[in-house]
Structure formats: structure tokens, C-alpha cells
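Asker: need a 3D model of the sequence below.
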Amino acid sequence: MISGRIVRDRGGAARGVAVGLVAVVSVLSLGAGSVAADTVPEPPAAIPESDLVPGVAPGPAQPWQIDTPDQALPPKVYTPSAEEDAVEPKAAPPGTYDLIEYVPLSDAASKVSCSKQTGPYQKQIEQWLKLKADGRQSASDCKAIQKFQTQHKIKPAIGFAGPVTWYQMMLLSAKKNPNAKKNCPVKSYKVACVDLNRQVTWVQKGDKVVFGPVPMRSGRKGYATRAGWHSVYWRHKNHWSTLYNSPMPYAQFFDGGQAFHAVYGSIYTTVGSWGCVNLKLGDAKKLWDVLKKGDKVYVWGHRTGT
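Answerer: Residues are numbered from 1 along each chain as shown. Modelled structure (predicted):
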């Protein structure tokens with residue numbers, strides 16, 4: 001779907017409620033009575049991803065929430081003039097694509113140095129780091145996750161097992177051989193592979209990767225990027241969403257209103273697009289030079305939460 005308008009913190013109302021709740025929560029004491037010595041305590045429940053907030057205060061490059069409402073119908077196709085195609089989309093402001101982790105509100109407010117809370121990707125991250133995969137945060141877990149976050153410039157590096165840290169691990173796992181599991185069909189021609197599971201995309205020709213893998217953001221629940229085979233049917237370098245009056249740089253449409261295109265905002269958010277494959281500006285520009293009209297696109301998997 002055609003992505004466009006920046007919606008300022010659609011989840012703001014929910015976060016406002018969360019702030020109020022934090023202010024009035026009281027500490028509950030345990031009831032009287034002894035606990036059997038052999039009772040194994042339940043691991044703390046992971047904080048839902050929907051309850052997390054950016055761990056770094058928003059700025060001009062990254063508002064609280066970058067949302068991308070999309071146009072349901074295909075765009076009006078025409079042939080851009082040479083003059084139009086000669087214009088390059090504007091650059092993204094510095095800091096636009098910084099890796100800002102989503103953390104619990106209490107951690108963000110108190111600016112903790114190392115989080116004691118269990119993240120939504122706790123067990124997966126423990127497994128990736130070869131820690132004891134018990135799905136519960138510990139001091140050693142926090143330090144190990146914090147080390148990874150510092151190495152990969154994820155902010156704040158407080159050791160919370162959040163979505164940005166996890167998807168960065170998925171990207172690193174895909175770097176050596178993104179199609180190791182052969183989920184994307186190998187053909188003699190170019191295929192743009194869209195892996196919704198890991199939120200990465202690349203282009204391959206035969207067994208050779210000719211672009212990527214790079215991080216992406218796909219459609220949210222109810223507006224998933226459509227799986228299966230598609231073809232690039234229209235390319236528009238300086239596309240503008242007339243419905244939402246917003247830019248869609250390096251747009252390459254492959255199914256109705258769904259397209260690869262850049263966004264001027266973070267792609268590392270807990271909320272997906274409304275169907276498009278969102279990319280960082282530099283990645284979208286490189287992809288523009290790799291694909292052409294008629295090239296095939298293959299989409300599979302499910303974004304977390306969809």
C-alpha cells in the first residue's frame with residue numbers, strides 16, 4: 001500500500017494512560033503464609049511490545065511514533081519526465097535511522113543503567129547470545145545484552161531485550177547467507193526477496209545476492225504485506241502520496257498500492273506499515289538501481305504480532 005503521512009504518536013493516548021497508571025501504582029505486599037521450599041517460581045511475564053516506548057527522547061529526526069498510512073488503491077501510473085527523474089529525493093535528517101530501542105516506560109523515566117525487566121524477545125536474545133535460555137532477565141543477561149547493544153550502537157544500551165535489539169540480531173544472522181533455508185525461490189532471473197519473519201529484504205539472481213540484505217518494515221496486523229509472487233509494475237523516484245500529501249522516495253510498486261519505498265523516519269518501530277515495505281533512504285536508493293520494471297518479488301512469512 002502507498003505509504004506516506006507521518007502520524008505523530010497514534011499510540012500517544014495509550015501511553016498517556018500508562019503514565020497515569022505508573023503514577024498511581026502501589027506496591028503490593030505478599031500475603032501471609034509460607035511458600036513450599038520446592039516451589040519453583042514462575043518466570044516474570046515479558047512486557048508486551050505494545051507497552052514499550054522509545055528509550056531516547058524524541059527529536060526532529062525521530063518523533064515518538066512514525067506511522068505510515070497507505071493508500072488502498074494502486075497509484076495512477078504515468079511516465080515521469082526526464083526532468084522529474086533527474087531530481088533526487090531530499091536527504092534524511094541526521095539521526096533519522098538511529099537504532100532506538102523500545103523499553104518499559106519505567107526504565108525510560110528513571111533512566112536505569114541496566115534493566116531488571118524481562119523483554120518481549122528475552123528468550124530469543126538469550127539463545128542468540130548463547131546464554132541460559134530461561135526467558136527471564138538476570139544481571140548477567142542484562143550485561144550481555146548491554147554489551148551487544150553498545151557494540152551495535154543501539155540506544156539506550158540498558159540491556160533490555162526489546163524489538164530493535166532482536167531485529168538487529170536477525171539482520172546480522174542474515175548477512176552471510178540470507179537464503180540459507182531456501183525460503184526465497186532460486187531462479188535464473190532476479191528475485192527481490194521479502195522475509196517478513198526476520199524483517200529483512202535482499203535481491204538474488206540464482207544463488208548470488210546482488211543487493212542486501214537490509215532491514216525493512218512490513219505491514220501491520222490487518223494490513224500485512226501480501227505474500228506470494230509479485231512483479232514490479234511501476235517505478236516512481238519522486239512519488240508523492242496524493243491521499244496523505246507525503247513523500248514516498250524511490251517507490252517501486254509490486255502489488256496494487258504496496259511498494260518498496262523509503263521513509264523519512266525510523267523503520268525500527270513496534271507498529272508496522274499499512275502494507276508497504278519501508279526502507280531507509282540509502283537502501284531504497286540502492287534498490288532503485290538494482291530493480292527494474294518487470295522484476296519479480298517474492299514475499300513470505302509473518303511479521304511478529306501479525
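Asker: looks to me like Ser106 is in a strand.
Answerer: No: assessed with DSSP: H, G, I helix; E, B strand; the rest coil, Ser106 is helix; it does not lie in a strand.
Asker: burial of it, as a residue count?
Answerer: A count of nearby residues for Ser106, using other C-beta atoms under 10 Å, gives 16. Yep, even glycine has a C-beta here, placed from its N, CA and C like the rest.
Asker: Lys176 now?
Answerer: Neighbour count of Lys176, defined by other C-beta under 10 Å: 9.
Asker: tell me the pLDDT at it?
Answerer: Lys176 is assigned 89 on the pLDDT scale.
Asker: from Val186, how far out is it?
Answerer: Remark: distance between Lys176 and Val186 (C-beta to C-beta, to the nearest Å) = 17 Å.
Asker: for stretch 146-158, list every residue counted as buried.
Answerer: By 16 or more other C-beta atoms under 10 Å, the buried positions in stretch 146-158 come out as Gln146, Phe148, Gln149, Ile154, Pro156, Ala157, Ile158.
Asker: and stretch 281-296, by the same measure?
Answerer: Leu281, Asp283, Ala284, Lys285, Lys286, Leu287, Trp288, Val290, Leu291, Asp295, Lys296.
Asker: of all these, which comes closest to Thr96?
Answerer: Of all those, Thr96 sits closest to Leu281, with 7.7 Å by C-beta to C-beta.
Asker: ok, so of the buried residues of stretch 146-158, who is nearest Ala192?
Answerer: When these are compared against Ala192 (criterion: C-beta to C-beta), the nearest one is Ile154, at 27.3 Å.
Asker: what segments of the stretch 151-300 of the chain are helices?
Answerer: Along the stretch 151-300 of the chain, the segments classed as helices by DSSP state H, counting those that start in this stretch run 163-175, 281-290.
Asker: now the ones you listed as JSON lines including distance to Cys193?
Answerer: Below are the helices of the stretch 151-300 of the chain laid out as JSON lines (distance: least, C-beta to C-beta, whole Å):
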{"stretch": "helix 163-175", "distance to Cys193": "10"}
{"stretch": "helix 281-290", "distance to Cys193": "12"}
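Asker: between those, which one is closest to Glu84.
Answerer: With C-beta to C-beta as the criterion, Glu84 lies closest to helix 281-290 of these, at 14.2 Å.
Asker: so what touches the closest one?
Answerer: 89, 91-92, 96-97, 190, 192, 203, 210-212, 214-215, 235, 237, 249-250, 252, 260-262, 264, 279 (C-beta atoms under 8 Å, 6 or more residues apart in numbering).
Asker: may I have it as PDB, with CA atoms only?
Answerer: Extracted in PDB, the C-alpha atoms of helix 281-290 (Å, rounded to 0.1, in the frame of the first residue of the first chain):
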ATOM      1  CA  LEU A 281      16.600   6.200   2.200                       C
ATOM      2  CA  GLY A 282      20.100   4.900   1.300                       C
ATOM      3  CA  ASP A 283      18.900   1.300   1.000                       C
ATOM      4  CA  ALA A 284      15.900   2.400  -1.100                       C
ATOM      5  CA  LYS A 285      18.200   4.300  -3.400                       C
ATOM      6  CA  LYS A 286      20.500   1.300  -3.900                       C
ATOM      7  CA  LEU A 287      17.500  -1.000  -4.500                       C
ATOM      8  CA  TRP A 288      16.200   1.500  -7.100                       C
ATOM      9  CA  ASP A 289      19.400   0.900  -9.100                       C
ATOM     10  CA  VAL A 290      19.100  -2.900  -8.800                       C
END
